[in-house]
Structure formats: structure tokens, C-alpha cells
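Asker: Any chance you can model this:
(2 chains)
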Amino acid sequence: MTMSDTLALSEDQRALQSTLRGFLADQLPPAALRAALETQVGYSPELHARLAGELGLTGLTIPEEFGGLGMSQAEASVVHAEFGRALYPGPFLATALAARVLLAAGDRAAQEHWLPRLADGSATATVAAAGEGGHWAPGPDSVRAERVKRASEEGMGRWVGGWRLYGHRWYVLAAHVADIVVVPAITESGPAIFLVESRSLGFTASGQLGLDLTRRVCVTAFDEAPAVLLAQGDFAVAALGQAEHDFLLATAAEAVGGIGWCLDAAIAYAKDREQFGQPIGSFQAVAHACVDMLAEFQAVSAAARYAAVAAADGTDEAPIAAHVAALRAGEAYRAVTESAIHLFGGIGFTWEHDAHLYYRRAWSAERLAGGPQAHRAAISDLAGL
Amino acid sequence: MAAQARAGEPPGPEIALNKLTLSANMKRLAEFVAAVLGPALVADTGAWGTYAWTSVVLGAPGYRLGGGTDEVLKNAIAQRVLGLPRPA
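Answerer: Sure thing, here's the model as predicted:
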């Protein structure tokens, strides 16, 4: 089967999409979303538990041997799109990314302990990878890791036991509720990935004031935080790279969902709202804006789906497709949410209107996923330009 | 328009071009600060002069609405400045 055959949603994927859309429309209507945002954690743990338990979504891409459903990024993109459409504020994406690093890093003991807990929703996790500039690549401000040097039975001065981490990571999704934090750090011998339990002394997560009201981010501080080494060297770099690409795919899929919501809401309003004695959708300026939104929806849907299927199939072009999808999604999501606010006119420009929540998400998500300059540079490098 | 103003004449319908330009520039300014500040624009790092720019991002759509939408102003300019016919 060629890739083009798999770009359309399969029957199972369409069923997953419609089940989840119906569930979220029922369980997370706008009033429930706004109530959840006002709580201390910013989401409903009860609803999250149902998404984990009844629908098995937290274990979607975790292999069956660790208690998950063993599905691919192709299915994950369907779920991310629906969560994006509903602006689901729970720690789903953060946990999925951390699970991805755990899987790719290959530390068997950590996998056996944590993956089943992440799969059944009894634990949540996140990846703390971005520096203050938002980039995941190692830099001068990377977290440092040092081995604890203490006396062992074999003699003084021998390296035994664990590691300690020092430094900060920014823009960490859902760190305020994460049980474990996966964090890249630099050791004496190069890049590595560690796991930190959030209840450890030496770890703190402080919420950052953010534009996106439906997705909380934190600054995480590691001050002699005890850590478990998961992977080192090229292996660690590759594991983190996979999670970063998954982040791009998820961001693009969420944009598809959000753009779809804006499109549906704008069309419904253009048919319903009357001005000068006729529905505003009969005016060319309004009709053309709706068509532009549809065109953006189709383009971003195709780019996001192509990238998700490429990642699921592990093709060579998967990394470039992920950056292309994230780039297109970022630009289009901002344009469409701005257009939706414009079409809603006076009511769109009240802070109470839901279109604003999408506008905030669009601007925030594009920057947290690296921003268009970074995607263009990555595409240029990957294409050998 | 400047000569008109200096001569003490009231602004004509072409003044609406100024507002269209202002709205477009606010949008460009939001894009520019996003490119310069990156994620520090969307989540507060505590650094001075970064997250505060969100007010431009959040305010930009309003400029295209308040005081006449872009579309309403363009219709006015088309008909009253350019002398184009009104829609049937």
C-alpha cells in the first residue's frame, strides 16, 4: 500500500474521531471548559480519568506490553485534533510526549515502572526540554547533570548511585501536575536524558503567566534534583528528537481541530446573523472570508495528516513533513482565528467569546512549537539547501 | 490629506485610508514582536519588556472592527472617494 492510500482516515480512525468528538461535546461544553480553567489545576481530573479509563486515550500510543493500545501517530493525530477542537486543557499531550521519550530512550526498568501508570492515567508526565529561547537543542543554559560521589563498599571516591540535576527549563507543559519530568541534560561526557520525580526535593515547577488560557506552562527548576539516567549520547539525542517531532505533529493536529471549530462556528453565524435585512453570509466579503477559512482547513488537514502518516510509517521524509505541517498549521491557525473574531464582529471582540480562546491558543502554540523561523531553518537543513 | 488639514478643511472620506493602514500596521507589529520575542511573548519569563507585548497581540483584531470594519471602510472609500457604483 502506498502512502497516498493511507492518507484518508480509516474506518476505525473515523470511529475514534466521532466517538471522541461526541464525548467532548457532551462532557466539555464551553461552560464546563471555562469552569475547569478556573480551578487550581486548570482541568477536570475526573474527566481526564474518564478519557484515560473509558476511552483508553492516555495509553493510545503506548505498546500493549506496557498496558497501552499500541497505536501509531496516525491514530494519535486524530485524538490530538479532537482535543484541539475542544481546547482540552488536561495533561494529555505532555504525558504522551514524555511516554514517547521513555519508549525511545529504552531504559527497561523505567519503562516497566512508569509506562503502565501513564497508560492507565494513574500518573501524568511531561518533558522539560525548552530553554528560555524556546529551543530544545542543547545550549549554554542547558540543565547540567553530575554524578553523586560518595563512599561505597568498594572504597572511597568510587562513583555510586545517582545523579543530580542543576538548571532551569521553560514553557514546560502541565509541569504543575506531572508526577514525573523527563529532562535532557548535559553530563561530563555529553548529552543525556534523565527522569525526575516531581515530589523530589530540589525540583520545583512555577506556573508562567500565559497567553493561552487553556494550556498551562511552567518554569521548572532543578536544584540538586535527584535524577535517574535514561539514555546517553546519540541515543539520547535521537529519543528527544522523536519526541520533538511528535510535539510538532500534535501541534499541527490540534490546529486542524481548532481551525475546524472556527470554520463551523463562523459558517453557522454567517447563515444566522442578519444585517441590512439579509444573512451576512450573503455578502461577498463575508462569504469569501469563510471560503478562505475552508481552504486553510483543507491545506493544514492535508499537511498534518501527511506528516502523521509519514511518522507512523517511519519514512525518511517524516522529519521534514513534521516541520512543514507545524509551519503551515501555525500560520493558518493564527489567520483563521483572527478571521473568525473579525466575522463575529462586535460579539467576537468581547473577551467572553470562545473565538478568543482559540486565538490565544493559536498564537501560543505556534511559538511553543519553535516558531516559523525555526521550522524554515530546519526544513532548509533537512532539504540540504 | 495633510494639505487639507493644514488649510483647516475638515477631513473627507479618504481619511478612512488612515484607519485601514493603522489596523494593518497593528497586525504587522504583532507579527514582528512574535518573531523577535519567540515564546517569551506567549508565556511570561519575568524578563522586562517581553510578555507585556501580548497586549498588542490581543488588541490587533479589535482595530479591524472598532470604528468601522475594514470592509465597511473599503465600501465607503470605493463609493465616495473613487466614485465606484454601489452594489445593485
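Asker: Can you tell me how far the spatially most central residue of chain B is from residue A:358?
Answerer: Centroid-nearest residue in chain B, with CA atoms, centre = their mean: residue B:23, separated by 1.1 Å. According to CB to CB, to the nearest Å, residue B:23 and residue A:358 sit 20 Å apart. Every residue, glycine included, has its C-beta placed from N, CA and C.
Asker: just residue A:123 next, same as before
Answerer: 30 Å.
Asker: Mind listing what's buried along the one helix or strand residue A:345 maps to?
Answerer: With secondary structure defined by DSSP states H and E, residue A:345 is part of helix A:318-348. Going by neighbour count (16 or more other CB atoms under 10 Å in any protein chain shown), the buried part of helix A:318-348 is A:318-334, A:336-345, A:348.
Asker: ok, and which of these reach chain B?
Answerer: The subset of the buried residues of helix A:318-348 within reach of chain B, by CB under 8 Å from any CB of the partner chain, is A:338, A:341, A:342, A:345, A:348.
Asker: Residue A:138 is in what secondary structure piece?
Answerer: Residue A:138 is part of no helix or strand, with elements assigned from DSSP H and E.
Asker: Then the one 10 residues further on?
Answerer: When elements are defined using DSSP H and E, residue A:148 is found to belong to strand A:144-149.
Asker: next structured bit after that strand?
Answerer: Under the assignment DSSP H and E, the closest C-terminal helix or strand after strand A:144-149 is strand A:159-173.
Asker: same question for that next one, mean pLDDT?
Answerer: Across strand A:159-173, pLDDT averages out at 89.
Asker: Likewise for stretch A:95-105?
Answerer: Average pLDDT, stretch A:95-105: 96.
Asker: List the buried residues in it.
Answerer: Here stretch A:95-105 shows A:95, A:96, A:97, A:98, A:99, A:100, A:101, A:102, A:103, A:104, A:105 as buried, counting by 16+ other CB under 10 Å.
Asker: So which of those residues are in helices?
Answerer: Within the buried residues of stretch A:95-105, residues falling in helices by DSSP state H are A:95, A:96, A:97, A:98, A:99, A:100, A:101, A:102, A:103, A:104, A:105.
Asker: Find the least confident helix or strand in chain B, judged by mean pLDDT.
Answerer: Lowest on mean pLDDT, DSSP states H and E among the helices and strands of chain B sits helix B:2-6, with a mean of 84.
Asker: quick one, the helix or strand that it is followed by and helix A:318-348 angle?
Answerer: Using DSSP H and E, the helix or strand that follows helix B:2-6 towards the C-terminus is helix B:16-37. Here helix B:16-37 runs at an angle of 140 degrees relative to helix A:318-348 (axes from the mean of the first three to the mean of the last three CA atoms, to 10 degrees).
Asker: In PDB, please show the C-alpha coordinates belonging to helix B:16-37.
Answerer: Extracted in PDB, the C-alpha atoms of helix B:16-37 (Å, rounded to 0.1, in the frame of the first residue of the first chain):
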ATOM      1  CA  ALA B  16     -10.600  56.200   6.300                       C
ATOM      2  CA  LEU B  17      -7.400  55.100   4.500                       C
ATOM      3  CA  ASN B  18      -5.500  56.100   7.600                       C
ATOM      4  CA  LYS B  19      -7.600  53.800   9.800                       C
ATOM      5  CA  LEU B  20      -7.100  50.800   7.300                       C
ATOM      6  CA  THR B  21      -3.400  51.400   7.400                       C
ATOM      7  CA  LEU B  22      -3.300  51.600  11.200                       C
ATOM      8  CA  SER B  23      -5.200  48.300  11.500                       C
ATOM      9  CA  ALA B  24      -2.900  46.600   9.100                       C
ATOM     10  CA  ASN B  25       0.100  48.000  10.900                       C
ATOM     11  CA  MET B  26      -1.100  46.800  14.300                       C
ATOM     12  CA  LYS B  27      -1.300  43.300  12.800                       C
ATOM     13  CA  ARG B  28       2.200  43.600  11.300                       C
ATOM     14  CA  LEU B  29       3.500  44.900  14.700                       C
ATOM     15  CA  ALA B  30       2.100  41.800  16.500                       C
ATOM     16  CA  GLU B  31       3.800  39.500  13.900                       C
ATOM     17  CA  PHE B  32       7.000  41.400  14.300                       C
ATOM     18  CA  VAL B  33       7.100  41.200  18.100                       C
ATOM     19  CA  ALA B  34       6.300  37.500  17.900                       C
ATOM     20  CA  ALA B  35       9.300  37.000  15.600                       C
ATOM     21  CA  VAL B  36      11.600  38.900  17.900                       C
ATOM     22  CA  LEU B  37      10.400  37.600  21.200                       C
END
